[in-house]
Every structure is written in structure tokens, then in C-alpha cells.
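Asks: Sequence and predicted structure, then a few things I'm wondering about:
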Amino acid sequence: MSASTGETTAISAGDELPAFDVRPDPVQLFCYSAITWNPHRIHYDAPYARDVEGYDDVLVHGPLMGSWLMRLCEAWARPWGRVTSMTYRTTTSVHPGTPLTVGGVVTRGGDAPEAEIWVALPDGTRATQGSVSAVRTGGADAAGHTDVTDDRPDGGQQR
Amino acid sequence: MTSLLTDEARGWLGAEQTFEPWLVTRMQIAQYAHTLGITDRVHLDVEEARRAGHRDVVAPLGFHLVIRHAAPNLIPITELAEDGGSDDMTPPSTAQRRMAGETTTTFHEPIVAGDEIRLSKRIGSLEEKQGRSGPLVFVGYDLEYRREGSGDLVIAERYVRILR
């Protein structure tokens, strides 16, 4: 990567963020409930979610949608700088098993770039959308990082 | 015009809550990273983290959500509601639904294993509006995550909860 050899990578409007696909399943929801100590039934008790709350199934946590966006933004900015702020909002309920794409596009290039970000359903509907601001810091942070996310043969498809 | 909020609830504007300092551990960071599918070694391997200039393994961006969501639920489970939730500084109302609105987060410094992070929360705005399907209440929370000792602001966040 050019950033790790000290070259300057220009960030331009229209550039895509390093998108990835996820398909949340009950195991991932369990782990997210556990690490965030979230005992809310709606994320693991399917009969409760259906019969009491009226949903088709348990719900993917709203904060998990935000966590994916933060994973996206950190992977985007790390080679040349850091994320300074993010805004996001989830407007559509998501059930486990739904294939999701986490992505974004740069809306302002330069040394203090901005991007639009989203978690999209298969039909393109954005279940979560928002924006991110970052700042170039000279790329020093990139040198020691070894991220193998993009090296998997399936192109990053995972939970 | 009907209102969801009681007069008592309107008095919640400006209410504050500060949680006990949260000790961030390597194990919590690894659990968060694996749950999110994050593979960068600086989150998992202390030597890699130190080579990259960090004091210890560094938390992925977003780890603060662990503190934000876990802290209010660290209460006896007998005090949780029937749905497993906790009221988490929600003003009393006749609303049937509680929904997440917009979150805005400003990142000042990374969180690193060994940090003690103190979360404080303040109701900075409380507004009721008439929506198409009836009244809506917007509760705006201002959150600060500060490192114990130095008191440095690590993350500032504004979160809106919608009651309807």
C-alpha cells in the first residue's frame, strides 16, 4: 500500500470506502448482547419478539449497525489519518439472516475529508445512514498495522 | 393537544448521571473485535500494538458503545423490566415505544487497554412535537467519556431517544 511507504494518497470526492458484506446471525447477536451486557429480550427471545412486540423475529441491535459503520470508517481512515466525528441513524428494523452491505462514498476530498456512509439492505434501502469526518495525520499510524480483512478469498463475506 | 410527558418528566431536563469508572481490559477489546469481525492485530496483540506506538492493545473505533450500553444495565437482574431492559434515564411518559434517533460522536483520543473511562450523561434537550401519528418526544443525551486520572475527554457523544 502506498500509505505504508510514506507516499501521499489523495482522497477525492467519489472515492468509495472499503465496503464489506455481513449477514448477522444468532451467534453474532448473542456475542454483541454479551459484550454490551444488553439483556433486552428483543435480541434473543424470538417468541417474545413475535408475540409481545409484534415483529417477525428478533432484531439486530441498532448499536451493532453503528459498530459496523465505525469498523468501515476506521479501516478507511487508518492508512492516512483518523476519524474525527460520525453521525448516523437507523430507520429500518433488521432481522438476523438479512444480507447487508456496509459502505460509503467520499463527498469531500482533501486533508479533512468527509463521506456519506450506510448499511444497505439487498434492495438498496439504507437501514442505517450517516456521515463521517476524518483528518489526515501524515500516515504514521498505518505503519505498524497488519489488517488481513481484505485478503480473504471470499472478499470479506462474514458475520 | 395531548402530551406524553408529565410535568415531573419536564423537570428531567438537565438531569445528570455519572457511572463508576469502567476498566477497559484486553479481553473486552478482543471480544468486541471478534464480534465485529475486526482483524487488525493492534486490537489483539500487545506487541503489535506497542510497535504501532500504543501503550497497550487499542480498542477499535466503536468500543465505547460497550461502556455506553453496559453501564446502565449493571444493576441486579431483579430490577430489569419484564422485557429485560432498563429505564436508562428515560423520563416518565405514557409512550408505548422507545426508539433510537440520531447519534453523533466526536473522537478525541483512542481508548487503550488499562484505561479507566468514566461515562457521564446529561439530558441536554427535551422536546415534544406533534407527528403525523401523534405526539413524539425527543430526549437528547449529552455523553462524555473521560479518562480517569487526567480527566481528558476521550469521546463526546450526543444521542437522541424518541418516545412515541
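Replies: Done, it's in.

Asks: all contacts plus neighbour counts: C-alpha atoms, from now on.
Replies: Fine.

Asks: pLDDT weak spots in chain A?
Replies: A:1-8, A:139-159 (pLDDT under 70).

Asks: switch to 50 and redo it
Replies: A:1-6, A:140-144, A:147-156 (pLDDT under 50).

Asks: what are the ranges of the helices in it?
Replies: Here chain A has its helices, by DSSP state H, at A:26-35, A:46-51, A:62-77.

Asks: now do chain B
Replies: For chain B, the helices defined by DSSP H cover B:7-10, B:26-36, B:46-51, B:64-70.

Asks: mind putting these in a markdown table, distance to chain A included?
Replies: Formatted as a markdown table, the helices of chain B follow (distance: least, CA to the nearest CA, whole Å):
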| stretch | distance to chain A |
| --- | --- |
| helix B:7-10 | 24 |
| helix B:26-36 | 6 |
| helix B:46-51 | 6 |
| helix B:64-70 | 4 |
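
Asks: out of those, nearest to A:A120?
Replies: Smallest distance to A:A120 across the helices of chain B (CA to CA): 16.9 Å, for helix B:26-36.

Asks: rewinding a little: what's the most buried one of the helices of chain A?
Replies: Most buried of the helices of chain A by mean neighbour count (mean count of other CA atoms under 10 Å in any protein chain shown) is helix A:62-77; its value is a mean of 22.

Asks: Helix B:26-36 and that helix, what's the angle between them?
Replies: Compare the direction of helix A:62-77 with that of helix B:26-36 by axes from the mean of the first three to the mean of the last three CA atoms, to 10 degrees and you get 90 degrees.

Asks: touching chain B at all, helix A:62-77?
Replies: Yes. Residues of helix A:62-77 contacting chain B under CA under 8 Å from any CA of the partner chain: A:62-63, A:66-68, A:70-71, A:74.

Asks: go on, stretch A:111-131?
Replies: No. Stretch A:111-131 is not in contact with chain B by CA under 8 Å from any CA; minimum separation 8.9 Å.

Asks: Excluding chain neighbours, what is closest to the spatially most central residue of chain B?
Replies: With distances taken as CA atoms, centre = their mean, B:R68 lies nearest the centre of chain B, 2.6 Å away. For B:R68, ignoring the flanking residues on the chain, the nearest one in space by CA to CA, 6 or more residues apart in numbering or on different chains is B:L119 at 7.3 Å.

Asks: And that neighbour, how far from B:P72?
Replies: B:L119 is 10 Å from B:P72, where distance means CA to CA, to the nearest Å.

Asks: For these two, work out which one has more neighbours and name it.
Replies: Taking other CA atoms under 10 Å in any protein chain shown, B:L119 and B:P72 do not tie; B:L119 has more neighbours (22 against 17).

Asks: Contact partners for that one?
Replies: B:18-21, B:67-68, B:143-146 (CA atoms under 8 Å, 6 or more residues apart in numbering or on different chains).
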